[in-house]
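K.L.:
Predicted model, plus sequence, below.
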Amino acid sequence: MKWFLALFVAGAVVAGGYYFYSHRPAPQKPAAVVAPAEPLPPIASGPGPVASLMPQAPVKRFAPKGVFFLLMPVSVTSDSGVVGIGQGAKVTLVSEKGKTPKTWRVTDGQTEFDVAPDHLTNDLDIADALLKKTQDAQAAANAGLRTQQQSTSDAQQLAQQKLAAFQAALQQQQAQRLQQQAGAGQSAMQPAQPAASSTPATSGKSSSNGSVNSPFGRPQPY
């Protein structure tokens, strides 16, 4: 009976061991360690580094009330003549005149004149661009005028040099002509030398025509 009980216990142990071995959980692989991601910086809703990267509209600059600038040049006729006022010139409103068409009376500090409102602007950026354009055009005109004046001066100087050379050559020719004329006059004023006679004159003797040879060279009758 003891042997039977021992065998039963051994069989039960073996059966229990086999059961637990066959139903054991499968071994799990170690999970990979993942480094935590760095947190993203918060998006700024107000002014800050992110907001400064966004394109911003340029800030408009305007002149004070009543101050305008000409969009185009204007010619003003006055008692003293015609006055030209360039584009970009600063003017001040004096009064408003008329309704259809509307006209404004403005002044640049020296001359008052009428101008249409659409020929004026109070935008300082536009006024600066117009003024620079006027200054560049004036500088180019002045440079062209200086070049023309220099060319005229060079041409006048060259003409004067040619005239001086011509006058010097003319004076030299006149001096040479006067020297030649003076030499010819001196040659004409010298007396002619008498030709030598082959027969010597004999004083007091008669010639073949019955006259006596005078020592003075004129035959005298006897």
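P.N.:
Thanks, I have the structure now.
K.L.:
Give me the packing partners of the lengthiest strand in the chain, helices and strands only.
P.N.:
For the chain, the longest strand by residue count, based on DSSP state E, is strand 90-97. When contacts are defined as 3 or more Cβ pairs under 8 Å, 6 or more residues apart in numbering; DSSP states H and E, strand 90-97 sits against strand 67-70, strand 103-107, strand 112-115. In this view, the C-beta of every residue, glycine as well, is placed from N, C-alpha and C.
K.L.:
how about a cut-off of 6 Å?
P.N.:
strand 67-70, strand 103-107 (3 or more Cβ pairs under 6 Å, 6 or more residues apart in numbering; DSSP states H and E).
K.L.:
Can I get it as PDB, trimmed to CA atoms?
P.N.:
Provided in PDB are the C-alpha atoms of strand 90-97 (Å, rounded to 0.1, in the frame of the first residue of the first chain):
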ATOM      1  CA  LYS A  90       6.700 121.800 -50.300                       C
ATOM      2  CA  VAL A  91       3.600 124.000 -50.300                       C
ATOM      3  CA  THR A  92       1.200 125.200 -47.600                       C
ATOM      4  CA  LEU A  93      -2.600 125.400 -48.100                       C
ATOM      5  CA  VAL A  94      -3.900 129.000 -48.000                       C
ATOM      6  CA  SER A  95      -7.500 128.500 -48.900                       C
ATOM      7  CA  GLU A  96      -9.900 126.300 -50.800                       C
ATOM      8  CA  LYS A  97     -11.600 127.800 -53.900                       C
END
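K.L.:
residues making contact with it?
P.N.:
66-69, 103-108 (Cβ atoms under 6 Å, 6 or more residues apart in numbering).
K.L.:
Show the average pLDDT along the longest helix along the chain.
P.N.:
Counting residues, the longest helix found in the chain (DSSP state H) is helix 124-189. Helix 124-189 shows a mean pLDDT of 88.
K.L.:
orientation of that helix relative to strand 90-97 in degrees?
P.N.:
Relative orientation of helix 124-189 and strand 90-97, computed by axes from the mean of the first three to the mean of the last three Cα atoms, to 10 degrees: 120 degrees.
K.L.:
Could you shift the numbering so residue one becomes 32, and keep it that way?
P.N.:
All right, first residue 32 from here; so that's helix 155-220.
K.L.:
related to what we said a few turns ago, list the buried ones in the longest strand of the chain?
P.N.:
122, 124 (16 or more other Cβ atoms under 10 Å).
K.L.:
relative to strand 134-138, how tilted is that strand?
P.N.:
Angle, strand 121-128 to strand 134-138, by the same axes, to 10 degrees: 140 degrees.
K.L.:
Report pLDDT for residue 84.
P.N.:
The per-residue pLDDT of residue 84 was computed as 63.
K.L.:
With the one 4 residues further on instead?
P.N.:
Residue 88 carries a pLDDT score of 73 in this model.
K.L.:
Kindly report the same for residue 249.
P.N.:
Note on residue 249: pLDDT of 52.
K.L.:
Look up how far residue 127 lies from residue 89.
P.N.:
Remark: distance between residue 89 and residue 127 (Cβ to Cβ, to the nearest Å) = 30 Å.
K.L.:
returning to that earlier point: of the helices and strands packed on strand 121-128, which stretch is the most buried?
P.N.:
Of all the helices and strands packed on strand 121-128, strand 98-101 carries the top mean neighbour count, a mean of 20, counting by mean count of other Cβ atoms under 10 Å.
K.L.:
And the contacts of strand 121-128, which is closest to residue 148?
P.N.:
The closest of the contacts of strand 121-128 to residue 148 turns out to be residue 135 (Cβ to Cβ; 5.6 Å).
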